[in-house]
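Make a model of this:
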Amino acid sequence: MSLTSTGFALKRQTQFIAELQERFRDVFGADINVDTLNPDSVGGQLIGIFSERFALLYEMAQALYDAGDPSAAEGIALDHLANILGISRKAATSTIAKVTLTGVAGTVVPAGAQYSTDTAVLFLQDSEATIGDDGTVTDVAVTALLPGATPAAATTIKNIAISISGLSSVTNPVAATTGTDVESDAELRLRMVDSSSVTGSTTVDAIRSRLLGISTVTSAQVVENATSNTVDGQPAHSIQCVVYPDQEDTAGLAQVIWDNKPAGIPTYGNQTAVVVTDSQGNDNDVYFSYASPVYVEVKVDISVDASFPSGGSDTIQNAVMNYVNNLTPGEDLQTFKIINNLSNTTGITSLDVNTRLDGTGSYTPDNVVISPVELARISALSKVLVVIT
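Down below sits the predicted model:
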């Protein structure tokens, strides 16, 4: 039996071949030719056919067995397990940005106007905008046509894809808020672990888990002031839910906070209160905060030997960006963590890491201190400078 008290034991085709060859010899005699590589051996060819089918059946059985194990299930099977916990895989989201349009005063630029980067990332204007008397209109919202983690650094959305009379130029003064790819199996498993560990509770971790369950929330933190004093502007005995990026569905966000916060604990935040009506018909103000990105640049100085790979610089850039862009609201960027992440890279003999705010001042070895309503971000790989000496 392949299903035992220790789990499912997968049999490979080679095992079936050996078992069938032994069985054929028992039945037809020891001198029967059962060589599966001999095209003239009828027995060998039959064993080859049967063993392949049996192996495929066992692989299917393994997949069915794994479908009930969150650590092994994949794809739709993992989705089904997640649904049991009341969570679902996050869909991909689109990169969003604010652009400035320049042209003839009074020109109405319709919703759906198309702009692009030099790398052919296409953005659509969310709503109609009118160019002002000074020849510009600012903070025009645009959304990438295709969802996914497609960054757009400052000033890179600069092409008018389809000409519009009276519109002469477009640019994004600050980096876009990068979208997300479809949540991977590994990411969904982590959320399942978090969710199962806090199910039915109203702790800080539980509330954060519920916030991260919102498909458009990529990062969240819950700040609890359990003291009897105001701390950093946050009232005593209150919670502050900080999410990133800004949410269109503020009512949905407020409802999640209300449904999961402890009874009698007020909410606090930097956004206007959203009214949530409870089951008793009472209206309740729910406050929350949006995290503002603090864009940084990182400079990595390394010395290398002959074993340093040809694509090593790209690997370093991606590792640094991955670390920074996964920091949560209020989490400081710590240079020693970058050093630790890179210290085992093949071929690096010495390593130094410095940071600065994007486009300002000199690089320093200091950590970047982040407030509870901020989060560190790198807008593009080009903001990670790798210097080889």
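
any weak-confidence spans in the stretch 151-300 of the chain?
196-201 (pLDDT under 70).

tell me the SS of the closest residue to Val387 other than its chain neighbours?
Counting by CB to CB, 6 or more residues apart in numbering, Asp301 is the residue found nearest to Val387 once chain neighbours are left out, at 4.8 Å. Yep, even glycine has a C-beta here, placed from its N, CA and C like the rest. Secondary structure for Asp301, judged by DSSP: H, G, I helix; E, B strand; the rest coil, is strand.

Beta-bridge partners for Asp301, please?
Beta-bridge pairing for Asp301 (DSSP bridges): Asp352, Val387.

Would you agree it is in contact with Leu342?
No. Asp301 is beyond contact range of Leu342, at 11.2 Å (criterion: CB atoms under 8 Å).

Mind listing the shared neighbours of those two?
Common neighbours of Asp301 and Leu342, using CB atoms under 8 Å, 6 or more residues apart in numbering, are 351, 353.

Show me which of the two is the more surrounded one.
Neighbour totals were compared for Asp301 and Leu342, and Leu342 leads with 19 against 15 (other CB atoms under 10 Å).

What segments of the stretch 151-300 of the chain are strands?
159-160, 167-171, 219-225, 238-244, 267-268, 274-277, 283-286, 289-290, 292-304 (DSSP state E, counting those that start in this stretch).

Would you format these as CSV with distance to Val384 included?
Converted to CSV, the strands of the stretch 151-300 of the chain look like this (distance: least, CB to CB, whole Å):
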stretch, distance to Val384
strand 159-160, 25
strand 167-171, 23
strand 219-225, 20
strand 238-244, 21
strand 267-268, 35
strand 274-277, 38
strand 283-286, 38
strand 289-290, 26
strand 292-304, 5
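
how many neighbours does Ile338 have?
Close neighbours of Ile338, defined as other CB under 10 Å, add up to 22.

swap in Thr364?
A count of nearby residues for Thr364, using other CB under 10 Å, gives 12.

Isn't Arg377 up against Ser292?
No. In this structure, Arg377 is not within contact of Ser292 by CB under 8 Å, at 9.8 Å.

okay, these two: which has more neighbours?
Arg377 (25 against 17).

for that one, what are its contacts?
Applying CB under 8 Å, 6+ apart, we find Arg377 in contact with 175, 293-296, 324-325, 327.

so how far is Glu52 from the nearest residue to it once chain neighbours are set aside?
Among residues not flanking Arg377 along the chain, Pro293 sits closest, at 4.3 Å (CB to CB, 6+ apart). Distance of Pro293 to Glu52, computed by CB to CB, to the nearest Å: 54 Å.

same question, Gln234
Look at Gln234 and Glu52: by CB to CB, they are 65 Å apart.

In terms of neighbours, single out the busier of those two.
Applying other CB under 10 Å to Gln234 and Glu52 shows that Gln234 carries more neighbours, namely 19 against 14.

Tell me the bridge partners for the more buried one.
On the basis of DSSP bridges, Gln234 is bridged to Val231.

got the contact list for it?
Counting by CB under 8 Å, 6+ apart, Gln234 makes contact with 223, 225, 240, 268.

okay, those residues in CSV with distance to Leu81 and neighbour count next?
Output for those, formatted as CSV (distance: CB to CB, whole Å; neighbours: other CB atoms under 10 Å):
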residue, distance to Leu81, neighbour count
Val223, 31, 20
Asn225, 36, 19
Gln240, 32, 24
Tyr268, 36, 17
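
Would you tell me which one of these comes nearest to Asp205?
Checking the contacts of Gln234 against Asp205 by CB to CB gives Val223 as the nearest, at 12.8 Å.

Could I get the contacting residues of that closest one?
So Val223 contacts 234, 239-240, 242, 330, 372 (CB under 8 Å, 6+ apart).

From Ala236, how far off is it?
13 Å.

ditto for Ser94
40 Å.

repeat for Phe50
Distance from Phe50 to Ala236, by CB to CB: 74 Å.

same question, Thr107
52 Å.

Check Lys337 too.
To Ala236, Lys337 is 33 Å away according to CB to CB.

who has more neighbours, these two?
Remark: of Lys337 and Ala236, Lys337 carries more neighbours, 15 against 12, as counted by other CB under 10 Å.

show me what contacts Ser310?
By CB under 8 Å, 6+ apart, Ser310 has no neighbours at all.

For Asp40, which three-state class applies?
Following three-state DSSP, Asp40 is assigned to coil.

My guess is Asp246 contacts Ser292. True?
No. The pair Asp246 / Ser292 is not scored as a contact, 9.5 Å apart, by CB under 8 Å.

What number of residues are in the vicinity of Ser165?
Neighbours of Ser165 using other CB under 10 Å come to 7.

quick one: it and Val99, what's the gap?
For Ser165, the distance to Val99 equals 18 Å [CB to CB].
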